[in-house]
Every structure is written in C-alpha cells, then in structure tokens.
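1. my questions are about this predicted structure, shown below with the sequence.
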Amino acid sequence: MLCVLQALTRQLEEALERAFPEGAAAARASGASLDPQLAPASKPEFGDFQANGALALARPLQQPPRAVATAIVEQLAADPAFTALCLSPQIAGPGFINLTLRPEALVAEVASRLADSRLGVPLAGAAAVVGGSGAAPDAGGAAGIVAPSPPAEPVIVDFSSPNIAKEMHVGHLRSTIIGDCLARVLAFRGHAVLRLNHVGDWGTQFGMLITHLKQVAPEALTTADAMDLGDLVAFYRQAKQRFDEDEAFQTTAREEVVKLQAGDPVSRRAWQLLCDQSRREFQLIYDRLGIELQERGESFYNPYLPAVVADLETAGLLVTDDGARCVFLKGVSGKEGKPLPVIVQKSDGGFNYATTDLAAIRYRFAAAPAGDGACRVIYVTDAGQASHFAGVFQVARRAGWIPEDRRLEHVPFGLVQGEDGKKLKTRSGDTVRLKDLLDEAVERADADLLRRLEEEGRQEDEAFIRHVATTVGLAAVKYADLSQNRTTNYQFSFDRMLALQGNTAPYLLYAVVRIAGIARKGAEGEAEPLDPQPADAAFDAALVFSEPQEWALVRHLLGFDAVIAEVEEELLPNRLCTYLFELSQVFNRFYDQVPVLKAPPEARASRLALCRLTADTLKLGLGLLGIPTLERM
Ligand code: ARG
C-alpha cells in the first residue's frame, strides 16, 4: 500500500500547511518542511497507519502536541480525498494520529491488484495511481491520485565472483544466491541491472600455476579439456606450496606473471585454457541454480590500472611507503594506532586485488561508453571483506570517481557453518564441494518425496519425481540461505531446510500448490451454469469482505509492494522471506476459520479472489527469490 502511504503523507502535509501556514513557511525558509511522520501502524488495533509528527512539531509550533494533532485532524476532515480513503482519524495518547483505511479503499486496492500482474509494485520511474486501473467507482476520490516514485537507473550487482583454478566454495554459493535475489528484485522494480561476475582471473596465482604446470603437466597449458577443475585445484595447491618453500620457484613464478601481464602469447594461451576449464565448472552450478551472470573478471580491468595510479597521483593521494605506493585511510587505524594504507602498487611494481577494485569502481561509475555510467553499485561478499571495501570505497570517493548521489554499497554476509557451529566441512574434514552439496539436497528431497508418496498411497512417474525433487532440493538450499538475516552466520542443516513445516522452501512451495489448487477448484465451480454471474465480472463488481480473517488477509496481501521497496532499499532478502511465510500463515488462519468453497455465492467469489491473489503473491515473491514454484508436489 505504498501509494496509499504516499498519498496520505501528502494529504497530511497539506493539512499541516493549512493548519499552520506560518509554521510551514518558517520551516520552508530554513530548508525543511513539517513532517507528519506517517508510518504503518505499529499494532493492528491502531488501524493501518499512524502519524507521529504532532509530538515533534509541538515545540517549533509552540502548541501542546494534542492541539497540533487536533488541528491536523480538523483539516483532514475537510479534505474529500482524505475522507474517501480513511475513516475519521483517532487521536491517541499524547498526540498520535491513528488512521484506518475505509473498507471501500481496501477493496479498491484488492481489485486493482487482481487486475495487475505486478501486484501493485510500481516500476521505478513510473507514477503510481492509488486505486489503480481496477478501482471500484465507490472508492471516490481515492482513484486517480498520482504518487511519484524514483526514476529507473542502471544498477550493478557484483556477485558470485569465484576464483579461477580454485573450487567455488559455500561463501561463493551465498554470494550467488543473495546476489541473484537482489538482482531479480531490482530488475523487477524496473532498474537496468548489470549482473557482473568479478571472477578472480588475474594475479600472482597464475604465475605459480603456469610455472608448476609447465614442469609437471605441460599438456594442460596447450590442450583444451586436459583436466577438470578438481585436478586444477590440486595443482594449484602444489604450486602454492612450492611458491612458499622454494625461492627459485618464486622467482620464475614472478617472471611468469610479468610475461602474462605483458601479453606474452604462450602465457596468454595457457591462462585462457585454465580460465576456460574453471568457467565450465562454474557454469554447471549456475545452470543448476538458474543464475544468469555476465563474466567480467579482474583481468578486464588490467588496461585501466595505470589510469588509477595516475588519477590518485593527480589527486595528491599517493604516498610511497617502503617502496609501495599507498593511500593512507582517514579514520581507520591499525594495531598501534597507525593509519592503515590501501596498497595500490607493490614495491615490485605489481598491482593487487584492491587496485583492480579501484579500477572497477572507476569504470563502473564513469559515463558510458567509456564506462558503465552506473547509479548504484552493489557488492555481495562475505563480511570478512568489509574492511577491504570500506578502504577501497574511501579511496574512490576521495579520488572523485563517484558522482554525487550515486550509491556504492557493500552487502556483507556471515559464514556458512556446520551444525556444530564450526566452518562447514565434510565428514572427512575437507571443504564441501558445491556440486556434492546440491546433489545431496536433491537426493534428500527425493527420499522425502518417495516416503510421502508411499504414505499417501500415490503413484507418480519418474519425470514427476525427478522434477519435484530437483525443484524442492535446490529451493531448500536457496531459501535456507535467503531467509536468514544475511549479516549473521548461519548453520547449514539439510534436515531443517527440507522440513515441510516452518519457515522453509518446502512449506512455501506446498502452500502455493494448495492455495492455487483451491483457487482453481473454485474457478471451475464458477463456470457452472448454476452461477448467474459471468466469470470476469464476478469479483470486480462485488468484492465483499466481512470476517476479520478476511480483512487480515487483505491487509497482509496489500503489504507486498512495501516489502519489495524495503528489499530494494536495504538489500535484505530475508524481509521478503518473512513476508511470504507470514502470508501463508495468515492465509491458513483465514482458510481454517472461514468457509471458501462452501460459502454463499457473493462471499465465495470474493474469498476465491483472495485465494488467487495469495497464490499469485507467493509465486511472484518466490520467483524474486530465484525459486520456481510447482503445480503439484
Ligand atoms: N573473488 C573474490 C573472492 O573470492 C570476490 C570478488 C568480489 N568482488 C569484487 N569486486 N571484489 O573472495
């Protein structure tokens, strides 16, 4: 009900203006405005919204808060647009104004959602209309109120971003799942989203790897498909060990990096082959999870590194410290209180992870076609990289690469832990391979399904079982990750994520199947000759709700757009998960306590409409989490 909130805010502002013209003028003169502080009601008994502004305004307006509230309410009562939306406002406590929407206004909103595939979520930049296209005529002045929303802008989500020649680990899985969800929500809001895979495909590790492979497995550097990622990872480990122990190896490896960075054709070809091998393995995971990503690895920014140094030099930010070129950070100090540097160029002339990120920021905000011209750049990585990003962001700001009002955000997440609370490991103590993890989720979902089919005495074919088990298994992994507040660590538990009860994917997928089934069954009934109403006019003209459980469901359904706006702003997918979980609970209360299919005709059509809207909201919401739904399960 965001557009209602916006419309009411404006009506309240206008009421304040009329009630206190001098106070409003004074506020304007100082660059402020009188803020009614309208928010969703903190408790259902307070109605739908509450305006708390009278308390803060008492002092500047030099009146007791209740008098301020009374004056506002008097003005509201004289505004036909307001009285069309709300019942008469209640003043509570020291001067809170409680607002309750008229049933007709709620009904008009429901009608408009039923006719809107976006379920009331406006496109960024598009004007929202209270009451929407399907507004019932009796909504009066509510229809046609135009509320502006922010313009669409190109947004970059940098996520997943594994490293070549290393195994993609659970941290990358989290980044992939969270990043994909955020990209989906932003795209649904109408932003041009660039999903970038900032793979680690550059740097010293290639020097080690190529040097080592030249000696032990030269065919891997000249032949495509010579080995799989598992071998590559093992070779990388050996190379790293040699690098740490053997000085001669170190020197050769460093020379190899220089050759690669200088564009030596043999080194380049070897590098290309190594990248291809990793890429193929990563793609298998992305395909399974339905993730789309554009690869733009660290190497992409190689040509831009000198410009980074030059810019920082010009800005007077570079300091040579122990041979390395650094920018010392403001407000950040290390162990002995010394300011911490971001190292831009090492003493041997080499660049590092931070330099590449500086080049990436510079490029992403630079105007097209020399850059992406992004308005918002979002990085989804583990919280362990928070200080890296804080440092790099600070340097980029001071370098002047980030135009005013553009946003640069690190979206950190916690660790994935085993059920013992320690870092997730296999039983033998190795790091968990993502492929194995996804396989196990699907296998367990398969076993659960077979057990359930057996209990219910159902027969299903092979294809059905495979489809359901795959969908449920992968959905469980995704949802378990997304439903946690991402900033905390989370414990990975197959049992918990696959449970059919609780805040889990299987529970929600099952709710969709059940609710869509009810809506379908009802629609079939609707077409019976007994029903005098043509199907399409059935609810539009005659949505009637009387039971508290119906109104509770209506209000929850209408909160969808606000949740999407919140996720867009705060980048917390768990908000959407909680909303969907609560929606299915509110629905269950409604369905348990209010007859639907057996209700009298006029109530039946309205209740079926609520079933349909609930199913549609769950489907759309799960879709934005990257979770496809099922027809049957
Ligand atoms: N490759 C990095 C890692 O595995 C993540 C990169 C995140 N993105 C970035 N622009 N730094 O930790």
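-> Here it is on my side, so go on. Numbering: from 1, shown residues only.
2. quick one, longest strand in the protein?
-> The residue-count maximum for a strand in the chain (DSSP state E) belongs to strand 324-333.
3. in its sheet, what does it sit against?
-> Sheet pairing here is set by DSSP bridges, and for strand 324-333 it gives strand 319-321 (antiparallel), strand 339-345 (antiparallel).
4. in that strand, what counts as buried?
-> By 16 or more other C-beta atoms under 10 Å, the buried positions in strand 324-333 come out as A324, R325, C326, V327, F328, L329. The way it works is simple: take the backbone N, C-alpha and C, and place the C-beta from them, glycine included.
5. go on, stretch 463-470?
-> With burial defined by 16+ other C-beta under 10 Å, the residues of stretch 463-470 counted as buried are F464, H467, V468, A469, T470.
6. one more: stretch 213-229?
-> L213, K214, A220, L221, A226, M227, L229.
7. with just CA atoms, put that stretch into PDB.
-> Extracted in PDB, the C-alpha atoms of stretch 213-229 (Å, rounded to 0.1, in the frame of the first residue of the first chain):
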ATOM      1  CA  LEU A 213      52.200 -26.900 -14.800                       C
ATOM      2  CA  LYS A 214      54.900 -26.300 -17.300                       C
ATOM      3  CA  GLN A 215      57.000 -28.700 -15.300                       C
ATOM      4  CA  VAL A 216      54.500 -31.400 -14.300                       C
ATOM      5  CA  ALA A 217      51.600 -31.300 -16.800                       C
ATOM      6  CA  PRO A 218      52.500 -29.200 -19.800                       C
ATOM      7  CA  GLU A 219      49.700 -30.600 -21.900                       C
ATOM      8  CA  ALA A 220      47.200 -28.700 -19.600                       C
ATOM      9  CA  LEU A 221      48.700 -25.400 -20.900                       C
ATOM     10  CA  THR A 222      48.300 -26.200 -24.600                       C
ATOM     11  CA  THR A 223      45.300 -28.500 -24.900                       C
ATOM     12  CA  ALA A 224      41.700 -27.700 -24.000                       C
ATOM     13  CA  ASP A 225      39.900 -30.000 -21.600                       C
ATOM     14  CA  ALA A 226      43.200 -31.600 -20.500                       C
ATOM     15  CA  MET A 227      41.900 -31.800 -16.900                       C
ATOM     16  CA  ASP A 228      39.000 -30.900 -14.700                       C
ATOM     17  CA  LEU A 229      38.700 -28.400 -12.000                       C
END
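8. give me the residue from the stretch 401-550 of the chain nearest the ligand.
-> Among all residues of the stretch 401-550 of the chain, H410 sits closest to the ligand, at 9.4 Å; criterion: C-beta to the nearest ligand atom.
9. and that residue, what is it in contact with?
-> Shown in contact with H410 (C-beta atoms under 8 Å, 6 or more residues apart in numbering): Y379, T381, Q385, A386, F389, A390, F393.
10. quick check, the last one in a helix?
-> Yes - in this structure, F393 lies within a helix as judged by DSSP: H, G, I helix; E, B strand; the rest coil.
11. enumerate the residues of this protein near the ligand.
-> Proximity of the chain to the ligand is confined to D158, S161, P162, N163, H198, G200, D357, A360, Y379, T381 under the rule C-beta under 6 Å from any ligand atom.
12. rerun that using 8 Å as the cut-off
-> Within reach of the ligand by C-beta under 8 Å from any ligand atom, the chain has these residues: 158-159, 161-163, 166, 171-172, 175, 198-200, 298, 353, 356-357, 360, 379-382, 385, 388-389.
13. state the pLDDT value of the most centrally placed residue in the chain.
-> The centre of the chain sits closest to L182, judged by C-alpha atoms, centre = their mean, with a distance of 2.6 Å. With respect to pLDDT, L182 scores 98.
14. where do the helices sit along the stretch 251-400 of the chain?
-> Under the criterion DSSP state H, counting those that start in this stretch, the stretch 251-400 of the chain contains helices at 265-289, 305-314, 353-365, 386-398.
15. ranking those by burial, who's on top?
-> Counting by mean count of other C-beta atoms under 10 Å, helix 353-365 has the highest mean neighbour count of the helices of the stretch 251-400 of the chain, with a mean of 23.
16. restrict it to CA atoms and write it as PDB.
-> C-alpha atoms of helix 353-365 as PDB (Å, rounded to 0.1, in the frame of the first residue of the first chain):
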ATOM      1  CA  TYR A 353      43.100  -7.100  -5.500                       C
ATOM      2  CA  ALA A 354      42.400  -3.600  -4.200                       C
ATOM      3  CA  THR A 355      43.900  -1.900  -7.300                       C
ATOM      4  CA  THR A 356      41.600  -3.900  -9.500                       C
ATOM      5  CA  ASP A 357      38.700  -3.000  -7.400                       C
ATOM      6  CA  LEU A 358      39.600   0.700  -7.600                       C
ATOM      7  CA  ALA A 359      39.800   0.400 -11.400                       C
ATOM      8  CA  ALA A 360      36.400  -1.400 -11.400                       C
ATOM      9  CA  ILE A 361      34.700   1.300  -9.400                       C
ATOM     10  CA  ARG A 362      36.200   4.000 -11.600                       C
ATOM     11  CA  TYR A 363      35.000   2.200 -14.700                       C
ATOM     12  CA  ARG A 364      31.600   1.400 -13.300                       C
ATOM     13  CA  PHE A 365      30.700   5.000 -12.500                       C
END
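17. quick one: the strands in the stretch 451-600 of the chain, in order.
-> Shown for the stretch 451-600 of the chain, the strands assigned by DSSP state E, counting those that start in this stretch span residues 490-491.
18. which one in the protein is furthest away from the centre?
-> In terms of distance from the mean C-alpha position of the chain, A248 ranks first, at 47.8 Å (C-alpha atoms, centre = their mean).
19. for the residue in the stretch 1-150 of the chain that the ligand sits nearest to, which three-state class applies?
-> Nearest residue of the stretch 1-150 of the chain to the ligand (C-beta to the nearest ligand atom) works out as A124 at 24.3 Å. Here A124 takes the coil state, with states given by three-state DSSP.
20. and it, how far is that from V377?
-> Going from A124 to V377 by C-beta to C-beta, to the nearest Å gives 16 Å.
21. between these two, who's got more neighbours?
-> Neighbour totals were compared for A124 and V377, and V377 leads with 25 against 18 (other C-beta atoms under 10 Å).
22. test my guess that the more buried one contacts E409.
-> Yes - the pair V377 and E409 passes the contact test of C-beta atoms under 8 Å, sitting 7.2 Å apart.
23. hang on, the earlier thing: tell me the one of the buried residues of stretch 213-229 nearest the ligand?
-> Distances from the ligand to the buried residues of stretch 213-229, taken by C-beta to the nearest ligand atom, are shortest for L229, at 14.8 Å.
24. confidence score at the nearest residue to the closest one once chain neighbours are set aside?
-> Leaving aside its chain neighbours, L229 sits nearest to E281 (4.0 Å; criterion: C-beta to C-beta, 6 or more residues apart in numbering). On pLDDT, E281 comes in at 89.
25. ok, E281 - contacts?
-> Contacts for E281 (C-beta under 8 Å, 6+ apart) come out as M168, D228, L229.
26. and the residue lying closest to L221 once chain neighbours are set aside, what is it in contact with?
-> Distances taken as C-beta to C-beta, 6+ apart place A270 nearest to L221, at 3.8 Å, with adjacent residues excluded. With contact set as C-beta under 8 Å, 6+ apart, A270 has these partners: I210, L213, L221, T222.
27. perfect, that will be all.
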